[in-house]
Structures are given as structure tokens and as C-alpha cells.
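>>> Could you look at this predicted model? Sequence included:
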Amino acid sequence: MPRTQFTIALPDWCAVWLEERPAPCVTPQQRMRLVVELAQRHVDRQTGGPFAAAVFDATSGRVVSLGLNVVARSGLSIAHAEIVALSLAQGELQSFDLSAGASAPLQLVTSAEPCCQCYGAIHWSGIRSVVCGARASDVRQIGFDEGDKPLDWPDHLAARGIAVQQDVLREDAVGVLRRYAEQGGLIYNPAGRPAAG
Ligand SMILES: [Zn+2]
């Protein structure tokens, strides 16, 4: 019988970390600060790739969910930080549409610009705004493949009512990527690798 389910889970330390962290998350910068710290902790603990995300209540700043890149530990190529954060938020709100299940607009804050997969997922997630740290070019710089998406992707999302803010604490987010690369962190699906088959 083929498998009938799969599981994506955050490392156990995440819940304790969030509980202990003083979290003023009013501004996009404060929200990004939390996400970059989360990514750095993930790298320090060697629990996955150097990417983190979180879904916030855009009005109050409450953290609805966290996300980390857990591709290697889950064995699932889809397990990017944004997908994990959006999925956990949807589970929390019991709705596949975050614009319907939440009492206030929700915002996705991600330590790096979404790749082509996560860009696609954002369309139907119900998220109302996206805040990004590092650029795709920064991610490619350390060897990851980001896939292809329209160059004017923020405009495409804006046309759907999803506002995008880029380069928030970009240097700090890039610092996490660099430290991961310096540590010899796993670069899966490296850029430039010919497609299999
Ligand atoms: Zn992605």
C-alpha cells in the first residue's frame, strides 16, 4: 500500500524559543528581526536550511505561526519556510484561506524572497501582505536554486491585493545565508544543476 500521509514539523526548540523571546512585533522591521533570529537559531542548531518565515496578525503583531526550511529533515522538497508557516497558520485557523479564517489581515514575513514555488503558494494562501529580507540574488549567491518567477513579481501580487515590501533588514538576512555557507551547510538542489531525466 503506498503511503497515505506525510508530516512536516518544526524542530522542538521553536515553541520554547518563541515563548522566551520578548516579541514586540509592531513594525515590519521588528517582525523581520524575529524571523532573522529564528533563521540564525536554525543554522546554529543545524536543524535545516538558512530560511525562516512567520505569519503575523498584521494589526496586532501577534505571531500566528512560524516556519523554517525543513526540506532535509522532512525529506520533502516542498518544505520551505514560507510553505511551513502558511500551512501551520491555515491549520491554526482551520481554513485553507487565511483571508477568510482570520479576524484581521495576515502578513507573511520571510527572511528571503519567495522562490517560484512559494511565490505560487502565496497566491491562494489568503495572506494579504508579504515582507522579505534577502533577495533571490542573495540566495543564489550561496548556491541555492530559486527557480523562475516574473521579474516584476511584486507587481503581480499587488494586482491581486497582496502588498509586497522588500529589503527589510536585508543585510542581516544575508548574514545568516553567509554564515550557513561558511559552516558548510547543505545546498540541496544547487543552482545550475541540469534537470534530472
Ligand atoms: Zn520557497
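That came through, no problem.

>>> What residues sit buried inside the biggest helix by length in the chain?
Longest helix in the chain, counting residues (DSSP state H): helix 28-44. Neighbour-count burial for helix 28-44 flags 28, 31-43 (criterion: 16 or more other C-beta atoms under 10 Å). Every C-beta, even on glycine, is put in place using the N, C-alpha and C of the backbone.

>>> could you dump those to a markdown table with pLDDT?
As requested, the buried residues of helix 28-44 are exported to a markdown table (pLDDT from 0 to 100):
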| residue | pLDDT |
| --- | --- |
| Pro28 | 97 |
| Arg31 | 97 |
| Met32 | 98 |
| Arg33 | 97 |
| Leu34 | 97 |
| Val35 | 98 |
| Val36 | 98 |
| Glu37 | 97 |
| Leu38 | 97 |
| Ala39 | 98 |
| Gln40 | 97 |
| Arg41 | 97 |
| His42 | 97 |
| Val43 | 96 |
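
>>> Tell me the first helix or strand C-terminal of the longest helix of the chain.
Helices and strands here follow DSSP states H and E; after helix 28-44, the next one along the chain is strand 52-57.

>>> who touches the helix or strand of the chain with the lowest mean pLDDT?
Every helix and strand in the chain was compared by mean pLDDT, DSSP states H and E; the lowest is helix 98-101, with a mean of 88. Around helix 98-101, the neighbours that count as contacts under C-beta atoms under 8 Å, 6 or more residues apart in numbering are 55, 86, 89-90, 93-95, 105-106, 125-128.

>>> Next up, the contacts around Arg135.
Arg135 touches 112-113, 166-167, 170, counting by C-beta under 8 Å, 6+ apart.

>>> same thing but at 6 Å, please
Glu113 (C-beta atoms under 6 Å, 6 or more residues apart in numbering).

>>> cool, and Cys116?
147-149.

>>> most neighbours, which of the residues you listed?
Most neighbours among these, by other C-beta atoms under 10 Å: Lys149, with 17 neighbours.

>>> For the ion, see how far away that one is.
10 Å (C-beta to the ion, to the nearest Å).

>>> Would you tell me which residues of the protein are close to the ion?
80, 115, 117-118 (C-beta under 5 Å from the ion).

>>> Who wins on neighbours among the residues you listed?
In the residues of the chain next to the ion, the most neighbours by other C-beta under 10 Å go to Cys118, 27 neighbours.

>>> backbone phi and psi for it, please?
phi -70, psi -30 (degrees, to the nearest 10).

>>> just checking, it touches Ile78?
No. Cys118 sits out of contact with Ile78 when judged by C-beta atoms under 6 Å, with a separation of 9.3 Å.

>>> quick revisit: mind putting the residues of the chain next to the ion in JSON lines, pLDDT, secondary structure and distance to Ser60 included?
Shown next, in JSON lines, are the residues of the chain next to the ion (pLDDT from 0 to 100; DSSP: H, G, I helix; E, B strand; the rest coil; distance: C-beta to C-beta, whole Å):
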{"residue": "His80", "pLDDT": "97", "secondary structure": "coil", "distance to Ser60": "26"}
{"residue": "Cys115", "pLDDT": "97", "secondary structure": "coil", "distance to Ser60": "29"}
{"residue": "Gln117", "pLDDT": "97", "secondary structure": "helix", "distance to Ser60": "29"}
{"residue": "Cys118", "pLDDT": "98", "secondary structure": "helix", "distance to Ser60": "25"}
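
>>> Good, wrapping up.
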